[in-house]
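Asks: Coordinates for the following, if possible.
(2 chains)
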Amino acid sequence: MKKDLSQEIESYIAHEIDDNIARGMSPQEARWQAHKKFGNTTAIQETIHEMNPYHWLESVAQDLRYGLRQLRLSPGFTLVAALSLALGIGANTAIFQLIDTVRLRALPVDKPQELVEVRIPRGTPRMGRIVGGRPNLTNPQWEFLRANQQAFSGIFAWGTSRMNLASGGEVRWAEGLWVSGEFFSTLGVNPVVGRTFIGPDDRRGCAEPGVVISHTFWQREFASDPSVLSRKVTLDGHPFPIIGVTPAGFFGVDVGRGFDVALPLCAEPILRGQNSSLDQRAHYWLAVIGRLKPGFTISQLSAHLAALAPPMFQATLPSSYLPDMAQKYLAYKLSAESAATGVSALGAQFGEPLLLLLGTAAMVLLIACANLANLLLARSTARQREYAVRLAIGASRFRLIRQLLAESLLLAAIGAVGGALLSQVLSRGLVAFLATSEQSPLLNLALDWRIAGFAAIAGTLTCILFGLGPAIKATHTDPGAAMKSGGRVVAAGGGRFGMRRMLAVGQVALGLVLLVSALLCVRSFRNLVTVDAGFRQNNLLVLNVTLNETSYPAARRNTVYDELLHRLRSTPGVESAAEVALVPLGGGVWNDGVRMEGGEAPYRISGFNRVSPGYLQTMGTQLLAGRDFDTRDRAGSPAVAIVTETFVRTFTPGANPIGRRIRVQPEAGKPEDVVEIIGVAKDSKYASLRADFEPLILLTTMQEPQLGVNLRFLIYSRSSFAALSNGLKQTIASIDPGINVEFRSFESRVADNVLRDRLMATLTSFFGGLAVVISVIGLYGVISYTVERRRNEIGIRVALGAARTTVARMILGEAAWLLGFGLAIGVALTIGVTRAANAVLFGLKPNDPVTIGAAVVVLGVVAMAASYLPARRAANMDPMAALRND
Amino acid sequence: MGRKKTSEGSGDMLAGTLDMLVLKTLLLAPAHGHTIAHAIEHSSDEVLQVEHGSLYPSLHRLEEQGLIASFWGTSENNRKAKYYRITPSGRKRLTKERNRFAQLVQAITRVMGPEPQQ
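Replies: Sure thing, here's the model as predicted:
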């Protein structure tokens, strides 16, 4: 079309020339007049060209090409900018990806938005045995719900439990899922092999239930054998036929926790025997999710659940509850929450820390953006003459800004793409951080459009953040002045320099916030790992022993327990060993209401544990008064207990506790248990390291009338873990090779306990360190720029006899002013922002003055040290060279 | 390069009237750019001068709107030239423009009134 037009114009001019010749002009004159009459042919061509509606696209492409050329011209700047953006965007994207996977992404099932979880509201105090991944309801409650609800087209219950695949020797755990018959059909999950459960599979007393296995388990244990349906899987010593395999990618409804085998609820008594929870009204181990009927609204559902709750709790009231607890139970409510994104214990545990980390990473990106903006400003100063020329010959400011933004956009795009790729590595690293010694989170971390979208948005925002300001500033130039200065840097750009200072101040302020956050998290973590737990944390091994129910009926267990403890203690390398009901820091809690004998004071809650003699010695917990359990304390002798300091302070203040008797709140219709205090031990941590010391009563295993099949031993030894566990394995195999054993170091349990804090401490110190480095570089840049800008002035001062120290002091003074201003804003910001971290901190407050003070000092010293370099350069300037340069 | 857009229909002609004049010229017979310019100048007794900076954008615009069509032909001088002819929708537009313009002239005349007596 372009060619067409120029031909047309040529033709026009040819005709005009013809006319002119006809009028009697000489050919030369005719040509000249014709061109003169026509005017600027290029301008006309351009006008017509710009009439094209897609003209702007072409000019954008032009801008981008130009931007690319500019970036290629300064590879150093481009590399630094792209790299810092990629890192910043990558870190943000990685954290977002985790939040997205655990909290935002819909379950990979049919119409997930219809799924609703029904539960007793969060935070309702419940009494009984509360176990498993999501213990919301009891089985009787579930059965009532299933029979009486009308809001759901399908409803199911599920619970989790680890099951042992090995028959004897060291355990091999499988993640087990108890599911009601409607689990798979309600979720709309179809098997890839065989079938899933249907209603009749889950009938009370099912004789030979099958199991459905997950795709990963099928691959791992059966090498994807297509004839897997003819095979069996042994769980806790019971063989179950496999009836189906679920599709790849289906992990159940608990995000972050996959499953290996799914069993119908009716199979629970087969594994648990007499300990079955199916008819236990105070055993919370199930969660219930339903698919809402079409057209059923949330308010209708709430009304329905409100009507359902009273009869449900009436019908399922545990008979063991005393009147006041029963009253509370009958007043329980039912609540509904969307389960579209599934449920997630991982999300509940790490949701808040991840959000905090996202905020931290965003701030680092902001500081990096400020640095880039500073660099761009410096570049635009150098290119000021170029802009002036272009403005002078008629370029519009808008067009110049657009072109500069195109350059930033390119950088941001490189950063976003790099960041999205980098996030794939970083997010996997993050997940590895969340793994406990027992379980790695199972998360789908595929790069999808949400992640790409997040990176793209982050990229666009950063582009605007670091590109727009400098672009506007750069083009805000008076062409005349810029030209007149003959290529020298124009000192009049006060506004631009003001912006650079503002950026430096902002960087210092944000840098301080991040440094304080880092110090807070590190100190909190330190507090946690150095807290006096009341027991030793190293050289302890946890040994879990599982007896086979049939070969060890209840009557035989106490005997084998005695033998086990005896033989373990004589295993080489073992210094002491003890049995314990609840290994500390496991998160498990056993408590009851107690009061001292000789009064009718109300029952108050105390923690309980049951230990063998030698427990205190094994754990290194000091006995402060009285005696340890010993052979005198046997079944039939008076029940005895050792209590802790806090118990004494709470229950028998000011009196000698030894010999006093504790009354334990009984179940309804039973007499109070009475135990006599024989010793007082130092306080020790119970459920977790974070929790404060609580009153604790230790009972003894020797007086336990009936031991279960699971026994936990704690072993103190200075031998290596491997050598010790081998020795112990042989010891137990020599008693009975059919006994299942599992070894864990107590240290790893402690590490699991502080996982969240370690995550926070590590990542915030990484981000904090990065923030300090970047903001100090920013300040250094601004100060260097000051020196460069005031070169002449400094030269004159020195020439006129100013002392070099005066010059240095002048520059340092400016740095100090910027720094002080930044730090002041930073302190104010810190006090406002770090409050959000209150919940994750241990042993200190978010606005801890020592921490803030230390951060101010550290940042101040580092920043002043960095400013010293340009100050020294200024002081050592040769005045002649500086002036001659002009 | 960012350059300010030249305002359309600049020159001494009333805005928008060039398109109408071009259509009117083409109503008689197809013509190429040079003829069109000359025809307008000639039939206005050289009062209206066609700016070439406006003529070609105007032709381009009219062609985009489908009011005129173009073809390459040979001119009376035996030169290759791009000819334009009016399309049926161009004729309709011309009638509309003519009415609009007549109204406009009447309105302006009414406002101006007879020349005031000195």
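
Asks: Pick out the residue in chain A sitting closest to chain B.
Replies: The nearest approach of chain A to chain B comes at A:R399, 2.7 Å away (CB to the nearest CB). To be clear about C-beta, it is placed using only N, CA and C from the backbone, and glycine gets the same treatment.

Asks: List the beta-bridge partners for the closest residue to A:L235 other than its chain neighbours.
Replies: In this structure, A:L235 finds its nearest non-sequential neighbour in A:M163, 4.2 Å apart by CB to CB, 6 or more residues apart in numbering or on different chains. Here A:M163 sits in beta bridges with A:A174, as judged by DSSP bridges.

Asks: ok, A:M163 touching A:G176?
Replies: Yes. If you go by CB atoms under 8 Å, A:M163 and A:G176 touch, sitting 4.1 Å apart.

Asks: list residues touching both of those two?
Replies: Shared contacts of A:M163 and A:G176 (CB atoms under 8 Å, 6 or more residues apart in numbering or on different chains): A:235, A:261.

Asks: Scan the helices and strands of chain B for the one with the lowest mean pLDDT.
Replies: Sorting the helices and strands of chain B by mean pLDDT, DSSP states H and E puts helix B:52-64 at the bottom, at a mean of 83.

Asks: re earlier: please report how far the residue nearest to A:L235 lies from A:D752.
Replies: 21 Å (CB to CB, to the nearest Å).

Asks: do the same with A:R122
Replies: Distance, A:R122 to A:D752, using CB to CB: 23 Å.

Asks: Between the two, point out the one with more neighbours.
Replies: A:D752 (19 against 9; other CB atoms under 10 Å in any protein chain shown).

Asks: how about the nearest residue to the more buried one, chain neighbours excluded?
Replies: Here the residue nearest A:D752, using CB to CB, 6+ apart, is A:T436, at 4.2 Å.

Asks: The one you found in helix, strand or coil?
Replies: Counting by DSSP: H, G, I helix; E, B strand; the rest coil, the backbone at A:T436 sits in coil.

Asks: Would you agree it is in contact with A:V754?
Replies: No. Look at A:T436 against A:V754 with CB under 8 Å: they stay out of range, at 10.9 Å.

Asks: And the two? Which one has more around it.
Replies: Per other CB under 10 Å, whichever of A:T436 and A:V754 has more neighbours is A:V754, with 21 against 13.

Asks: Around A:S161, how many other residues sit close by?
Replies: 19.

Asks: for the closest residue in space to it that isn't next to it in sequence, helix, strand, or coil?
Replies: Residue nearest to A:S161 in three dimensions, not counting chain neighbours: A:G176, with 4.7 Å by CB to CB, 6+ apart. Of the three states, A:G176 takes strand under three-state DSSP.

Asks: all strands for the stretch 651-800 of chain A, in order.
Replies: A:661-664, A:673-681, A:696-700, A:710-717, A:740-745 (DSSP state E, counting those that start in this stretch).

Asks: give the contact list for B:L55.
Replies: Residues in contact with B:L55, defined by CB under 8 Å, 6+ apart, are B:18, B:22, B:33, B:36-37.

Asks: mind running it again at 7 Å?
Replies: With contact set as CB atoms under 7 Å, 6 or more residues apart in numbering or on different chains, B:L55 has these partners: B:33, B:37.

Asks: burial count for B:S43?
Replies: Number of residues near B:S43 (other CB under 10 Å) recorded here: 13.

Asks: confidence score at it?
Replies: What the model reports for B:S43 is a pLDDT of 85.

Asks: how much space is there between the spatially closest residue to it that is not a sequence neighbour and B:L62?
Replies: Leaving aside its chain neighbours, B:S43 sits nearest to B:T25 (8.0 Å; criterion: CB to CB, 6+ apart). Per CB to CB, B:T25 is found 11 Å from B:L62.

Asks: who's more crowded, the two?
Replies: B:L62 (23 against 19).

Asks: Show the subsequent helix or strand relative to the helix or strand hosting A:V431.
Replies: For A:V431, the element it lies in under DSSP states H and E is helix A:397-434. The helix or strand immediately downstream of helix A:397-434 is helix A:449-463, counting by DSSP H and E.

Asks: Would you check that the residue nearest to A:L235 makes contact with A:T234?
Replies: No. Using CB atoms under 7 Å, A:M163 is not in contact with A:T234; the gap is 9.2 Å.

Asks: These two: who's more crowded?
Replies: Looking at A:M163 and A:T234 with other CB under 10 Å, you find the greater number of neighbours at A:M163, namely 23 against 14.

Asks: And the pLDDT for that one?
Replies: On pLDDT, A:M163 comes in at 92.

Asks: For it, give me its contacts.
Replies: A:174, A:176, A:235-236, A:261.

Asks: Buried residues in the top helix by length along chain B, which are they?
Replies: Across chain B, the longest stretch assigned as helix under DSSP state H is helix B:88-112. Applying a neighbour-count criterion of 16 or more other CB atoms under 10 Å in any protein chain shown, one finds B:90, B:93-94, B:97 buried in helix B:88-112.

Asks: how much space between B:I86 and A:S717?
Replies: Distance of B:I86 to A:S717, computed by CB to CB: 105 Å.

Asks: again but with B:V111, I slipped
Replies: Distance from B:V111 to A:S717, by CB to CB: 111 Å.

Asks: Next: A:L376.
Replies: Look at A:L376 and A:S717: by CB to CB, they are 62 Å apart.

Asks: neighbours around residue 65, how many?
Replies: You didn't say which chain, so I picked chain A. Close neighbours of A:R65, defined as other CB under 10 Å, add up to 12.

Asks: To clarify, I was referring to chain B.
Replies: B:Q65 has 13 neighbours, counted by other CB under 10 Å.

Asks: same question, A:R660
Replies: For A:R660, the neighbour count with other CB under 10 Å is 16.

Asks: One more: A:F251?
Replies: If you count neighbours by other CB under 10 Å, A:F251 ends up with 23.

Asks: how about the spatially closest residue to A:R758 that is not a sequence neighbour, what does it touch?
Replies: Take A:R758 and drop its neighbours on the chain: the residue closest to it by CB to CB, 6+ apart is A:F525, 6.1 Å away. Residues in contact with A:F525 (CB under 7 Å, 6+ apart) are A:754, A:757-758, A:761.

Asks: can you tell me which of those residues are in helices?
Replies: Going by DSSP H, the helices hold A:757-758, A:761 from these.

Asks: Among those residues, find me the one that's closest to A:E747.
Replies: Closest approach between the ones in helices among the contacts of A:F525 and A:E747, by CB to CB: A:R758, at 13.2 Å.

Asks: And the next helix or strand past the helix or strand encompassing the residue nearest to B:S43?
Replies: B:T25 belongs to helix B:17-28 when assigned by DSSP H and E. Per DSSP H and E, helix B:17-28 leads on to strand B:31-32 as the next helix or strand towards the C-terminus.
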